[in-house]
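Undergrad: got a predicted structure plus its sequence, pasted below:
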Amino acid sequence: MSINKEILQKEVFYKTSRSGGKGGQNVNKVSTKVELLFSINNSTLFIDDEKLLLNEKLQTRFNKDGLIQVVCDQERSQYINKQKAIERLIVLLIQALHKPKIRKKKVVSKAAKAARVENKRLLSAKKESRRAKFD
């Protein structure tokens, strides 16, 4: 599953603020921290079933307004932080939409069970013969 980055960028909102960390005096002057906000329910990218799945799996990521929030303040550039935040959101959405394969139970054959038990019996006999006999 791939998500169209251009459409997604039109549906997200950004908030910027001053960031801590590296940057020297630049930290005190420029708003480089990016907070990305995305509404799953208002999105045109997903069908209703996908929206339900996303709401269920990402409920811990919602803020009080019901928006997914991704914060990035790693870089000194606001533009790069926006790109990293959108990439994180895409990864988050793809992981939430991933459906794992259903595990099929395998039946162990009688011959395989018998071989395993026989192997255990032989190993036990070998170890038993190594023991010192105290009479």
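TA: Ah, there it is. Numbers count the residues shown, from 1 in each chain.

Undergrad: contacting residues for Val12?
TA: Going by C-beta atoms under 8 Å, 6 or more residues apart in numbering, Val12 touches Leu36, Leu37, Phe38, Ile86, Leu89. C-betas here are computed from N, CA, C, even on glycine.

Undergrad: could you say which helix or strand contains the fourth one?
TA: Secondary structure from DSSP states H and E places Ile86 in helix 78-97.

Undergrad: so which bits of that helix are buried?
TA: Residues Gln78, Asn81, Lys82, Gln83, Lys84, Ala85, Ile86, Leu89, Ile90, Leu92, Leu93, Ala96 are the ones in helix 78-97 that count as buried (16 or more other C-beta atoms under 10 Å).

Undergrad: how much space between the second one and Thr16?
TA: Just to be clear, that refers to Asn81. 8 Å (C-beta to C-beta, to the nearest Å).

Undergrad: shared neighbours of the two, anything?
TA: By C-beta under 8 Å, 6+ apart, the residues touching both Asn81 and Thr16 are Thr32, Lys33, Val34.

Undergrad: out of the buried residues of helix 78-97, flag the one nearest to Glu118.
TA: Taking C-beta to C-beta as the measure, Glu118 sits nearest to Ala96 out of those, at 47.9 Å.

Undergrad: thought the closest one was touching Leu54?
TA: Yes - between Ala96 and Leu54 there is a contact at 5.3 Å, judged by C-beta atoms under 8 Å.

Undergrad: ok, Cys72 - contacts?
TA: Lys33, Val34, Leu36, Asn81, Lys82, Lys84, Ala85, Arg88.

Undergrad: can you give me the strands in this protein?
TA: Using DSSP state E, the strands assigned to the chain run over residues 12-17, 33-38, 68-72.

Undergrad: so, low pLDDT: which residues of this structure?
TA: The chain contains residues with pLDDT under 70 at 1, 21-24, 26-27, 135.

Undergrad: hmm, Lys33 is touching Tyr14, no?
TA: No - judged on C-beta under 8 Å, Lys33 makes no contact with Tyr14 at a distance of 10.4 Å.

Undergrad: most centrally placed residue in the chain?
TA: Gln95 (5.2 Å; C-alpha atoms, centre = their mean).
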